[in-house]
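In: Quick check, what structure comes out for this input:
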Amino acid sequence: ERDKEAYKENDSLRSPTYILNLLKKLGDKKCSLCDCEIPQIIHGAHIYPVATIKKVTNINQDKKLRLAIDGDNGIWLCNNHHKLFDLNILYIASDGRLKQKRKIELKHEVYIKGITVAKQLHTDILTSTFIDYLDKRNKYLDSKEYSFVV
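Out: As a prediction, this is how the structure comes out:
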């Protein structure tokens, strides 16, 4: 019931159920892109954003909530990587490789490369359901605007 209320009120959802589902799938909080393990700054980042899920018209509210709290619909990200991902500066391809926007300032590109250890998500994360969520997210983005992080 708490998850339902939080879902109704917010365009993001950090419910205990969502966090528990991520812990079950991914283990302890550790950024998937930089290996940061400071639990206070690690978040469960939705792959298929809650705000987008809420706009889907062909499924009911219970199904939308299940999508929002699904452990396959998320990864652990530190504050920096979470914000970069939410702003679509970082993009995860369906094979798990990391891309970044092409048209960003060079100093920002250098910074992102400096803080990003992983250039690809671990294969354990890349379930078929996770990839489905990525595809739903990425259909709103133009992959040509991104280049692989090297």
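In: Quick one: low-confidence residue ranges for this protein.
Out: Residues of the chain that meet the criterion pLDDT under 70 lie in 1-13.
In: Show the residue spans covered by the helices in it.
Out: 2-9, 16-26, 50-55, 61-69, 79-86, 106-115, 128-138 (DSSP state H).
In: export these to a markdown table and tack on distance to Ile41?
Out: For glycine as for every other residue, the C-beta is placed from the backbone atoms N, C-alpha and C. Formatted as a markdown table, those follow (distance: least, CB to CB, whole Å):
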| stretch | distance to Ile41 |
| --- | --- |
| helix 2-9 | 21 |
| helix 16-26 | 14 |
| helix 50-55 | 20 |
| helix 61-69 | 22 |
| helix 79-86 | 5 |
| helix 106-115 | 12 |
| helix 128-138 | 23 |
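In: would you list those in TSV and tack on distance to Ile42 and mean neighbour count?
Out: Putting these into TSV (distance: least, CB to CB, whole Å; neighbours: other CB atoms under 10 Å) gives the following:
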stretch	distance to Ile42	mean neighbour count
helix 2-9	19	13
helix 16-26	10	16
helix 50-55	18	16
helix 61-69	18	17
helix 79-86	8	19
helix 106-115	14	12
helix 128-138	18	17
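In: Good, wrapping up.
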